[in-house]
Structure formats: C-alpha cells, structure tokens
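A.B. asks: got a predicted structure here, sequence first:
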Amino acid sequence: GAGVSQSPSNKVTEKGKDVELRCDPISGHTALYWYRQSLGQGLEFLIYFQGNSAPDKSGLPSDRFSAERTGGSVSTLTIQRTQQEDSAVYLCASSLSAGRVGTEAFFGQGTRLTVV
Amino acid sequence: SQQGEEDPQALSIQEGENATMNCSYKTSINNLQWYRQNSGRGLVHLILIRSNEREKHSGRLRVTLDTSKKSSSLLITASRAADTASYFCATDAGGGAQKLVFGQGTRLTINP
C-alpha cells in the first residue's frame, strides 16, 4: 500500500479481554515502531523492530503486552487481560532504516483502544 | 524514558506571527527530527537535522540545533490557521540505541 495501515481504527473492549492490533508497514521498510499516546500526551515508546535483529522491547509497560513481526513485514501488538489504563491511541510507524541513521518515519492513523 | 522535552507545552499566537518551539534532550544524538500531529492521530514528518548541522530550512520552517546545549528550535514564520497542531521533536535514543524517541509536544494554536 501507499502508506502505513493500522487496523482496526477503533476498538472497544471489555476489561479483562485480550486485543490484537495490526500494523502493515510500507513495503521495504526495515524498521517498525509501536507507540502509545494517551489523550493530550506525548508518544510513549513501546517496541521497535529492525530487520532480523532482536526487537527492542524496553518500552513495553508490562508482561501483558507483546508484539511480533512476521516475515519482516506485518506486525501485531497484543494486549492480554486489558485494563482501563490501557485505553489510548496506539500508533505504528515504519522507516527505511533505524533512528540512528536518521530517516523519516511514516505513521499510520492509529488504533483508538477503549477499555470499558 | 523521555529523551526530548518540548517547550512551551502550549503556544497561542495570531495569524501572521512567527511561532518558536524548543526541544531539549539528554544524551548525545545522531539526528533530530520534528513532526506535526493533527487531531491526535498519525504524525507527519517535517524536517530532519543531523548532529553535524546547525541550521536547516524547509519552506516556512527553520530548525536550529545546538549540540553543546543539547537543544533544538523550530521556527514557523508567517503562521497560518492551518498550522494549528501539536509539534513533536524526536531523536535517536543515544548511546547506540536506535529507537526513535519523542518528546511531550507543543500544542500550537493560530488565532485568525
């Protein structure tokens, strides 16, 4: 596709349920990022994938959060046993290479997660 | 951990005026980027400045970088109502870490 695609765009779930958020990066982009943004706040780094390297999971807030990237392309962020504090917009971005080299990151429109 | 901190948190000016936002960071970096966000959804890249550059221009945008002070500024000249948005700086995390880390952002409002 032409840009980063995230699905679903909105998700309402009951507390305690598991959710899966999907990100389709731009074809050929080796770096993929997940961020979380609460209302009116900045972007909280969650996890970063770069090619075949081990992902940087240092931002995942708890072991309820996990992410994978299959075949170096599509990524899924999974939140188990959701809590109300998990409510936020989850943003995915991809870039040709990593932050140190310095290339533009392209963002999807995000998934707004509401836990009730 | 937060690498970039924007200042001010919110800025409101009249259309036609210049807007200046600042970003400070903690560790040495390889590059710094500025992004814009409308309506709390996806961010759009504005400009990238490398650590060996001091100033960069793109249209009405001017970015400066002072690595000795670990700070950057974004200047928007001749502001327009359509510039109303949140602006974020982002850096590599330093220390060899390659992840892209964002600040808290500046909420800019341009009054017609």
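C.D. replies: Noted; the coordinates are in hand.
A.B. asks: count the residues that sit near residue B:27.
C.D. replies: 14 (other CB atoms under 10 Å in any protein chain shown). All C-beta atoms are positioned from the backbone trio N, CA, C, and that covers glycine.
A.B. asks: which pLDDT does the model give it?
C.D. replies: In the prediction, the pLDDT value recorded for residue B:27 is 85.
A.B. asks: what of residue A:2?
C.D. replies: Reading off the model, residue A:2 has pLDDT 78.
A.B. asks: residues from chain B in reach of chain A?
C.D. replies: With CB under 8 Å from any CB of the partner chain as the criterion, chain B meets chain A at residues B:2, B:30-31, B:33, B:35, B:40-45, B:48, B:50, B:88, B:90-93, B:96-105, B:107.
A.B. asks: buried among those? Make that a PyMOL selection.
C.D. replies: Only the buried entries of those go into this PyMOL selection, using 16 or more other CB atoms under 10 Å in any protein chain shown:
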select buried, chain B and resi 30+31+33+35+41+42+43+45+48+88+90+91+92+93+97+98+99+100+101+102+103+104+105+107
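A.B. asks: which of the residues of chain B next to chain A fall in strands?
C.D. replies: B:31, B:33, B:35, B:43-45, B:48, B:50, B:88, B:90-93, B:97-102, B:107 (DSSP state E).
A.B. asks: what does chain A put close to chain B?
C.D. replies: A:4, A:31, A:33, A:35, A:37, A:39-43, A:45, A:48, A:50, A:56, A:58-59, A:89, A:91, A:93, A:95, A:98-110.
A.B. asks: remind me which residues of chain A are low pLDDT?
C.D. replies: By pLDDT under 70, the low-scoring segments of chain A are A:1, A:98-102.
A.B. asks: which residues in chain A form helices?
C.D. replies: Applying DSSP state H to chain A gives no helices.
A.B. asks: quick check, central residue of it?
C.D. replies: Closest residue to the average C-alpha location of chain A: residue A:34 at 3.0 Å, with CA atoms, centre = their mean.
A.B. asks: so that one touches residue A:55, yeah?
C.D. replies: No. Counting by CB atoms under 8 Å, residue A:34 does not reach residue A:55; the two are 9.7 Å apart.
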